[in-house]
Every structure is written in C-alpha cells, then in structure tokens.
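Asks: Sharing a model prediction with you, sequence too.
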Amino acid sequence: MKASTVPVARSLQRGSRSLSTCRTIFQARPLIASAPSVRTRVAPLPRGALAASVSTRTFATTRIARMASAEDSDTFDPSTIERESDQVDVCIVGGGPAGLSAAIRLKQLANEAGNDEFRVLLLEKAGEIGAHIVSGAVIQPSSIEELIPDWLSEDNPSRFEHATPAGGDRMRFLTKNSAIPLPMPPLMNNHGNYIVSLNQFTKWLGERAEELGVEVYPGFAASEVLYNADGSVKGVATNDLGIGRDGRPKETFERGMEFHARVTLFGEGCHGSLTKQVIKKFDLRRDSQPQTYALGLKEVWEVPPEKFRKGEITHSLGYPLPKDTYGGGWMYHFGENLVSVGLVVALDYPNPWMSPYQEFQKYKQHPLIRSVLEDGKCLSYGARALVEGGFQSIPKCAFPGGALIGDSAGFINLPKVKGTHNAIKSGMLAAEAAHAALSTSDDGTVFLFDYEDALRNSPIWKELKEVRNYRPSFHTPLGLYGGVMYSGLEALVLKGRVPWTFKHKTPDHAATKHADQCPKIEYEKPDGKISFDVLTSVSRTGTNHEEDQPVHLQVKDWDKHAAETWPKYKGLENRFCPAGVYEYVEDESKELGVRFQINAQNCIHCKTCDIKAPHQDINWQVPQGGEGPKYYMT
C-alpha cells in the first residue's frame with residue numbers, strides 16, 4: 001500500500017507549481033489509515049488565505065524528465081512517468097458558485113457530525129478564485145441565505161460587503177434610435193434581489209470555504225477524468241506542465257497530479273471540458289434535448305456621479321440584433337458609480353457575417369446606453385458562453401462516482417435572467433446527497449440517487465419547468481415578435497401549465513447558414529471612447545498564457561479545417577470569437593489564398609469556438625493551470 005506524500009506549500013503566482021518554488025514544508029501529519037488507502041490529513045487553511053497544499057513530486061520523477069535529451073524527447077511519453085496521487089472524500093472541479101457552495105455544505109455537514117477528518121478538495125483552473133467568472137449579475141438571495149444565513153448581517157465580521165440592493169426595474173424594446181417601454185414581466189421583478197460582481201462574490205465564497213476546512217487549490221487545471229476498473233469515476237488528474245508547443249518536455253516539465261475521491265462533483269460551468277467527457281461516457285443526454293447556448297459580453301464602467309442611479313436595473317430586447325437572433329442587453333448600476341453593461345447573443349444565430357463582439361459595440365452606441373457611459377471610463381471586459389436550453393436540456397445529473405452541478409448541468413432560468421441561486425442550490429443538494437451516501441458506506445461505488453430525486457423535488461425543477469417554452473417559442477413560426485407575445489402570455493396567464501413542450505430545433509453549430517446565403521454585415525470602426533477594438537478589450541481582461549506550450553484550442557489539421565470551413569463561412573471563427581483568437585491570414589502559398597491561424601494567447605476561456613464551429617472540429621481544453629483571464633469586477 002502506497003502512502004500519500006507530505007503536502008507542501010506552493011507559489012500562487014500565475015498558478016506556478018515548479019519544484020523550485022515548492023520546497024517549503026507546509027504541514028506534516030501522521031498518516032491515518034483509511035480503507036482502502038492511506039491518506040494524509042491536512043488541517044484547515046488559515047482564514048482568508050486562498051492558498052493550497054500539494055503533494056511533492058518525487059525527485060527521481062523530475063530528474064527523469066529533465067534529463068531527457070533532445071533526441072530522446074522525440075519519443076518521450078509523459079504517461080510512462082507515474083503521477084503522484086492524493087485520496088480525498090470528495091473532489092470538486094470548478095470554483096464557481098456551485099462548486100464552492102457544494103464544498104461549504106459538505107464541510108458544514110461533516111463538522112456538525114464531528115468528522116473533522118472528512119476531506120473536501122476543490123480544484124480551480126484560474127490562478128485566483130473568481131478570476132474566470134463573468135456574469136451580469138443580479139442574484140436572487142434565496143439559496144445563499146439558506147447556505148450562509150448571515151451573509152449580509154452587520155453582526156457578521158465575514159459578511160459579504162459588496163451587495164447593492166436592486167432598485168427600479170426597466171424593460172425597453174430598442175430600435176436604432178429609440179427605447180420603447182415594455183411591461184416588466186413578473187419573473188423579472190428584482191425586488192429583494194442584489195446586484196453584485198460575481199468575481200467578488202466567488203472570492204468571498206472561497207474564503208468562507210477555507211474557514212470551514214475545504215482544501216482550495218486555485219491554479220490547478222483538471223484535464224483528465226480517471227475511472228475505476230468498473231467504469232465509475234475515480235477522480236481527476238491535473239495537466240502536465242512544462243511541455244513545449246512542439247510536444248516535447250522542457251526542463252521545467254512536471255507530471256500532473258491525480259486526485260482520487262469516492263465522489264467527484266463537476267462544477268466547471270458552461271460546456272466544461274471534463275463535463276463533455278462524462279456526459280458522453282455515461283450517455284447523460286439520452287433522455288434530454290441538446291443544450292443550447294449564448295455568448296454573454298460584458299464591460300464594467302465607472303461613470304460620472306450625476307449619471308449614476310444606484311440599484312437601477314435596465315433590460316432590453318431588439319436593437320442591435322436582427323429578428324432572427326435571440327438575445328438582449330442589460331445595464332445595472334451598482335457599487336459606487338459603477339455600471340455593468342452587457343449583451344447576450346444566442347449562438348444559434350444563422351448569419352456567419354455576424355460578430356457578437358461588434359454587436360456589443362453597436363449596443364453601447366445606442367442613445368439609452370451611450371448617455372450613461374459617455375464621459376465614463378471602461379474598467380474591465382469579459383465574455384463567456386452561457387446555457388440557454390433550460391428544462392428540456394437538463395441531462396441526467398448523477399452517474400457512478402459523481403454528479404454534475406450548476407451550469408455544468410444547465411440550471412439557468414433564462415426568462416428570469418438568473419442562475420446563481422440555482423447553481424448554489426444544486427451544489428447544496430449534491431453535497432447533502434454525497435455526505436449521506438459516504439456516511440452510510442465505507443466502500444464500493446457511490447451513485448447519488450438522492451441527488452437526482454432532490455433535484456426533481458426542488459425549486460430548481462419547478463421554476464425551470466414553468467418557463468420551458470419561453471426560449472424555444474422564438475424559433476416557432478411565431479418569430480421574434482410572436483415569441484415576445486407568447487412569452488407575455490406565459491408570464492401572465494399560462495405559467496407553464498400547458499400540455500406541450502416546445503423543442504430546440506437544432507444544435508447551435510448546425511443553425512449557421514453559408515455566407516453566400518446571408519447579407520454581409522459591415523461594422524463601423526470603434527471610436528475609442530464608447531466602442532473599442534477587440535485587442536483593446538482583451539487587454540482589459542488580464543489574459544496571460546505561456547506561449548511555448550501546446551495549443552489548448554485543439555484542431556487536428558489546421559489546413560483541413562480551413563479547406564472545409566473557409567469556402568462556406570468566410571472566416572466565421574474570427575467573428576464568433578470575442579477575443580481575436582482565430583484569424584484567416586492572406587497567404588499566397590495556400591490554395592485558398594488564406595492561412596488559418598490560432599492566437600491561443602488571446603483566449604479568454606469563453607468556449608464559444610467549441611460550441612459554434614460548424615464542423616465541431618475545435619476542441620477547447622484547459623491550458624496550464626493559473627493561465628487565462630484575470631477578470632476584475634466581472
């Protein structure tokens with residue numbers, strides 16, 4: 001029986017894990033026998049410190065890699081080097097609201113039961129908790145009040161201090177120069193809700209998790225699902241570090257780590273790379289419709305005090321999006337003179353000439369928005385795919401050895417324009433089911449039947465079923481205006497009490513028409529004051545990737561991709577990406593006259609390419625841990 005090695009402290013700067021920075025012993029504890037393996041007990045981390053411990057790599061392993069000569073590295077296979085492993089009770093992939101809430105609830109239950117040896121470990125690919133989070137965000141407090149009742153209490157020294165109570169609600173239908181008032185749907189009434197930066201909110205949740213003893217590992221990118229001999233999920237492994245763009249090991253090479261757990265919860269958010277794998281392996285969509293998605297683009301502005309209306313919430317439909325494209329915009333006044341402004345564009349839009357990023361720039365030039373932003377300062381930018389499928393697209397959420405939580409399963413209530421409360425609740429339900437299962441059994445594969453049952457009896461299921469026909473009604477013969485009218489009828493009268501359920505017609509990538517079937521769209525140049533070029537916006541994300549590493553946007557054959565995609569779609573990838581990652585560069589040496597190029601360093605991890613690529617030949621995978629955007633106030 002192999003014992004776990006002694007945990008050590010690691011550097012958090014950009015998620016670095018090189019052995020040269022991991023020498024200092026963090027903590028040593030006597031080995032505790034626990035069938036079927038031996039584990040090292042790690043005490044709770046200091047309050048407020050988002051640090052993590054990691055098992056030491058053996059020096060022999062590192063020497064083998066670093067001594068590989070150039071000629072040997074042509075055939076070097078990292079899998080021939082054994083990975084270090086650690087055994088925990090529950091491993092959680094993803095440090096968003098769902099994952100952190102699951103971790104907190106698990107430790108609450110374990111601590112209440114007096115089981116301080118119950119290990120909960122959370123892996124987050126961002127270098128800091130919250131650094132990859134993007135949302136509007138107006139949150140409904142029902143779930144967080146259940147998880148942490150005193151989250152806003154003045155008597156709580158650890159309360160969340162950045163919540164702005166929602167004020168007045170406005171709904172507008174936009175034409176190019178006008179904003180027509182619409183009745184506010186009851187579902188969108190925000191009385192009692194709060195405007196927050198989800199970036200700040202998840203950082204705060206991470207601190208609360210650590211106080212309870214959760215082992216939080218920011219900067220660790222889980223890249224592989226591990227399976228037991230019976231096919232159940234065994235845990236996950238983090239990616240290898242120090243591999244060059246050519247696939248050869250560099251002197252900084254380090255093998256990834258394995259984290260084994262009896263229960264693994266996947267809370268990666270929308271279209272996670274590991275979530276895709278478990279959905280496919282266990283056929284979790286066999287009884288549901290395909291998931292549909294949108295791209296949300298957001299900026300945070302500091303505006304002059306005379307233009308600031310604290311707590312005001314504005315939602316809009318219409319301009320700049322065409323009638324065949326579902327979406328809408330928002331503008332929230334929060335904090336001190338801060339405005340969150342954004343546009344959501346459904347990724348089943350048909351016209352390949354459309355650029356969601358450029359549509360967002362047009363949106364900001366509308367008089368309703370420009371009048372607020374003018375003379376202000378743009379502080380940050382972000383973009384992220386989000387789930388829109390709703391009730392019809394929820395997969396099976398439990399499988400042998402684990403479960404899906406939050407946006408990995410797709411619990412956003414689109415008509416309500418909210419999902420954080422459902423993400424938190426799903427994490428809590430999964431945690432309760434996992435703790436109950438692990439408390440009654442010491443061995444064997446865990447299947448969280450109670451989690452599936454709890455979901456179906458929860459507010460999540462009820463509210464998503466009630467609004468199931470809103471989104472797909474826009475793709476019936478009713479069209480945009482008919483969809484608006486039908487949604488109003490559902491909101492005011494039907495409330496989901498109908499025998500029919502509309503279906504999502506096609507996957508988003510299949511909705512794209514050929515370029516010669518659609519009008520070409522010419523966008524105005526940015527003015528540098530309200531609208532900006534894409535690289536200026538990317539500079540506001542804090543994005544950083546090491547250049548000499550394998551491209552994490554995996555396309556097997558770039559020339560083949562260009563040959564199949566360019567003639568039909570004329571550079572669709574350059575337009576659907578909100579970060580300038582994809583380009584077609586003029587190249588007379590190529591038969592098409594253009595060369596397909598991937599600028600992986602620009603990637604802000606939005607996942608749009610994986611969703612919208614017409615031939616589904618772009619596979620988004622995690623880069624090295626700690627890399628990507630470092631969002632501020634998103």
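Replies: Received, thanks.
Asks: Can you tell me who C91 pairs with across the strands?
Replies: Beta-bridge pairing of C91, defined through DSSP bridges, involves L121, T264.
Asks: and it, what pLDDT?
Replies: The model reports C91 with a pLDDT of 98.
Asks: isn't it right next to A261, touching?
Replies: Yes. With contacts defined as C-beta atoms under 8 Å, C91 counts as touching A261 at a distance of 3.8 Å. In short, each C-beta sits where N, CA and C put it, glycine included.
Asks: residue contacts, P395?
Replies: The neighbours of P395, taking C-beta atoms under 8 Å, 6 or more residues apart in numbering as the test, are I279, L284, R285, S288, L404, A409, G410.
Asks: can we see that at 6 Å?
Replies: By C-beta atoms under 6 Å, 6 or more residues apart in numbering, the residues touching P395 are I279, L284, R285, S288.
Asks: Same check on E586?
Replies: Remark: with contacts taken as C-beta under 6 Å, 6+ apart, E586 is in contact with V594.
Asks: Let's see that with 7 Å instead.
Replies: G593, V594 (C-beta atoms under 7 Å, 6 or more residues apart in numbering).
Asks: who are the neighbours in contact with the nearest residue to A163 once chain neighbours are set aside?
Replies: Here the nearest residue to A163 in space, its sequence neighbours aside, is Y194; by C-beta to C-beta, 6 or more residues apart in numbering that works out to 4.1 Å. Under the criterion of C-beta under 7 Å, 6+ apart, the neighbours of Y194 are V138, I139, P141, A163, T164, P165, A166.
Asks: Would you convert the residues you listed into JSON lines that also reports neighbour count, secondary structure and pLDDT?
Replies: Formatted as JSON lines, the entries for the contacts of Y194 read as follows, by neighbours: other C-beta atoms under 10 Å; DSSP: H, G, I helix; E, B strand; the rest coil; pLDDT from 0 to 100:
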{"residue": "V138", "neighbour count": "24", "secondary structure": "strand", "pLDDT": "97"}
{"residue": "I139", "neighbour count": "25", "secondary structure": "strand", "pLDDT": "97"}
{"residue": "P141", "neighbour count": "17", "secondary structure": "coil", "pLDDT": "98"}
{"residue": "A163", "neighbour count": "22", "secondary structure": "coil", "pLDDT": "98"}
{"residue": "T164", "neighbour count": "20", "secondary structure": "strand", "pLDDT": "98"}
{"residue": "P165", "neighbour count": "14", "secondary structure": "strand", "pLDDT": "98"}
{"residue": "A166", "neighbour count": "21", "secondary structure": "coil", "pLDDT": "98"}
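Asks: which one of the residues you listed is nearest V344?
Replies: V138 (13.5 Å; C-beta to C-beta).
Asks: okay but that closest one is in contact with I195, surely?
Replies: Yes. Using C-beta atoms under 7 Å, V138 is in contact with I195, at 5.4 Å.
Asks: Overlap in contacts, these two.
Replies: Both V138 and I195 are contacted by A166, Y332, under the criterion C-beta under 7 Å, 6+ apart.
Asks: ok, the most centrally placed residue in the chain - contacts?
Replies: In the chain, the C-alpha nearest the mean C-alpha coordinate belongs to G269, at 3.5 Å (C-alpha atoms, centre = their mean). Neighbouring residues of G269 by C-beta under 7 Å, 6+ apart: G94, G96, G406, D407, S408.
Asks: Setting the sequence-adjacent residues aside, check what's closest to the third one.
Replies: Beyond its immediate neighbours in the sequence, the residue positioned closest to G406 (C-beta to C-beta, 6+ apart) is A98, lying 2.6 Å away.
Asks: go on, the last one?
Replies: Spatially, and ignoring its direct neighbours in sequence, S408 is nearest to T275 (4.5 Å; C-beta to C-beta, 6+ apart).
Asks: Next, find the distance separating that neighbour from F173.
Replies: Here the criterion is C-beta to C-beta, to the nearest Å. By it, T275 lies 36 Å from F173.
Asks: Comparing those two, which shows the higher neighbour count?
Replies: T275 (24 against 16; other C-beta atoms under 10 Å).
Asks: Correct me if wrong, but the more buried one is in a strand.
Replies: No. When the secondary structure is assigned by DSSP: H, G, I helix; E, B strand; the rest coil, T275 falls in helix instead of a strand.
Asks: ok, it touching L404?
Replies: Yes. In this structure, T275 is within contact of L404 by C-beta under 7 Å, at 6.3 Å.
Asks: Which of the contacts of G269 has the largest number of neighbours?
Replies: When the contacts of G269 are compared by neighbour count (other C-beta under 10 Å), G406 ends up highest, at 33 neighbours.
Asks: what's near enough to touch that one?
Replies: Taking C-beta under 7 Å, 6+ apart as the definition of contact, the neighbours of G406 are G96, P97, A98, G267, G269, A423, S426, G427.
Asks: Could you rerun that using 6 Å?
Replies: Residues near G406 by C-beta under 6 Å, 6+ apart: A98, G267, A423, S426.
Asks: which one among these gets closest to E627?
Replies: Ranking these by separation from E627, with C-beta to C-beta as the measure, puts G267 on top at 19.7 Å.
Asks: Phi and psi next, for that closest one.
Replies: Backbone dihedrals for G267, given as degrees, to the nearest 10, come out at phi -130, psi 50.
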